[in-house]
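In: Generate a structure from the sequence data that follows.
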Amino acid sequence: TASKGWSMHVPSEVTGEIGKAVSLPCTFTHPHQTYDKTLTAIWRVKEPYNGTVVFKCVAHSSSSLCKTAVGSKNRYQLLGNPRQNDLSLQIHNLTWNDSSKYFCRVEFSGDVHDKYESRMGIRLQLIDNSTAPTSLSR
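Out: Residues are numbered from 1 along each chain as shown. Reported below is the predicted structural model:
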């Protein structure tokens, strides 16, 4: 899905293991040659555009890191660099509650049209390997 130079690329599904970490890949393209003003990265769950925001970070200039504004710091971590069009998120210590659809969004300050969100969510499937037998010997 592209709109005037915007597009977003996410997998339709990612599998994570209870108690471990998982990364949710999200990359995007935008119509600007360069962009060094304020940028906001947002992840929400359940539905696009009005689902609950679980993670949000703001980078004020091209040199500054994306400072977390929403999201528990020890659980959600931005893996990608939004300046390099990468919003990938890592979730630590997965629990069954994390099972949901995840939507990434980017907002550039200034023009109201400079925001884009994936309508295609990433479905996070969870497995629990701690209950699986450790050896397969009969």
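
In: what's the neighbour count on Leu124?
Out: Using other Cβ atoms under 10 Å, the number of residues around Leu124 comes to 19. Placement of C-beta: from N, CA and C, glycine included.

In: please renumber so the chain begins at 57
Out: Right, with 57 as the first residue, what we last looked at is Leu180.

In: Show me what the stretch of helix or strand it belongs to pairs with in its sheet, parallel or antiparallel.
Out: Using DSSP states H and E, Leu180 maps to strand 178-183. Note on strand 178-183: by DSSP bridges, its sheet partners are strand 69-73 (parallel), strand 157-164 (antiparallel).

In: what residues does it touch?
Out: 66-74, 78, 80-82, 147, 150, 152, 154-160 (Cβ atoms under 8 Å, 6 or more residues apart in numbering).

In: Torsion angles phi and psi at the residue nearest the centre of the chain?
Out: What sits nearest the mean C-alpha location of the chain, by Cα atoms, centre = their mean, is Leu145, with 4.2 Å. Backbone geometry at Leu145, expressed as degrees, to the nearest 10, gives phi -120, psi 140.

In: Name the nearest residue to it, ignoring sequence neighbours.
Out: Nearest residue to Leu145, sequence neighbours excluded (Cβ to Cβ, 6 or more residues apart in numbering): Leu80, at 4.8 Å.

In: Okay, the one you found and Phe111: tell me how far apart.
Out: Relative to Phe111, Leu80 is positioned 10 Å away (Cβ to Cβ, to the nearest Å).

In: Can you say which of the strands paired with strand 178-183 is packed in most?
Out: Greatest average neighbour count among the strands paired with strand 178-183 goes to strand 157-164 (a mean of 21), per mean count of other Cβ atoms under 10 Å.
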